[in-house]
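>>> Sequence first, predicted model second:
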Amino acid sequence: MHPAPAIAALWLIWVVSWLLAAAWADPVQKRAGFRAEFRYRILWAIGTILLFVPAHGYVGRLRVWTPTLTEAWICVALIAIGLAFSWWARLHLGRLWSGTITAKADHCVVDTGPYGLVRHPIYSGLLLAILATMAAKGTVWGIAGAALLIIGIVVKARLEESFLRGELGTAYDDYARRVPMLVPFAPA
């Protein structure tokens, strides 16, 4: 069996389940707004299109490397780990989760579970899955898509940081001093 269908299935299951779970969140009290979010959204849209340009069997000039079957299956495992980590973070955040940058009623700093390892564990899991997908593809399109998605994640994480500092004040500042932003075990 080739790993490409497994990669597609993992991402499809993640996207569908993520969208279905969006209904499970508390009402929004305050939102950063579409204008503030436009930059990362456009990066995510273009990056997603590029990352998922089909590459199976492609041997042209835009292929940078061809992973072995073993390497490709290792990438599948890393994608599954990254997506599972993002789900753990979302479940741990519970009803405070939102797909946009928002504050909820009784919003507070969550610093347990995956949020004790990194401040943005959903993004950390997605970064692992995106990089593993890029490695499994081995194309210029995959690299470009991953780069845009990574930039988009960093842009959104920084926007969230600014928003949360404004909403949660010194509690978030203290959290940010203790816990790294995206990479577990890195200096905060």
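Right, received. Where do you want to start? Numbering: from 1, shown residues only.
>>> got any ranges where this protein has weak pLDDT?
56-58 (pLDDT under 70).
>>> now the helices: where do they sit in it?
3-21, 34-51, 69-93, 121-137, 140-168, 170-178 (DSSP state H).
>>> Of all these, which one comes closest to Gly60?
Gly60 lies closest to helix 140-168 among those, at 9.7 Å (C-beta to C-beta). Where C-beta positions appear, they are placed from N, C-alpha and C, glycine not excepted.
>>> in that closest one, what counts as buried?
Across helix 140-168, burial judged by 16 or more other C-beta atoms under 10 Å covers 140-150, 152-157, 159-161, 163-164, 167-168.
>>> Return the distance of the residue lying closest to Val118 once chain neighbours are set aside relative to Ala25.
Leaving aside its chain neighbours, Val118 sits nearest to Ser124 (4.9 Å; criterion: C-beta to C-beta, 6 or more residues apart in numbering). Computed with C-beta to C-beta, to the nearest Å, the distance linking Ser124 and Ala25 is 20 Å.
>>> okay, those two: which has more neighbours?
Per other C-beta atoms under 10 Å, whichever of Ser124 and Ala25 has more neighbours is Ser124, with 24 against 17.
>>> quick one: that one and Val183, what's the gap?
With C-beta to C-beta as the criterion, Ser124 and Val183 are 7 Å apart.
>>> Which residues are in contact with each of these two?
Listed as contacting both Ser124 and Val183 by C-beta atoms under 8 Å, 6 or more residues apart in numbering are Val118.
>>> would you turn the helices of the chain into a markdown table with distance to Asp106?
Shown next, in a markdown table, are the helices of the chain (distance: least, C-beta to C-beta, whole Å):
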| stretch | distance to Asp106 |
| --- | --- |
| helix 3-21 | 20 |
| helix 34-51 | 23 |
| helix 69-93 | 13 |
| helix 121-137 | 20 |
| helix 140-168 | 11 |
| helix 170-178 | 13 |
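>>> Of all these, which one comes closest to Arg63?
Of all the helices of the chain, helix 140-168 comes closest under C-beta to C-beta, at 7.9 Å.
>>> And the closest one, what does it pack against?
In terms of contacts (3 or more C-beta pairs under 8 Å, 6 or more residues apart in numbering; DSSP states H and E), helix 140-168 is packed against helix 34-51, strand 102-104, helix 121-137, helix 170-178.
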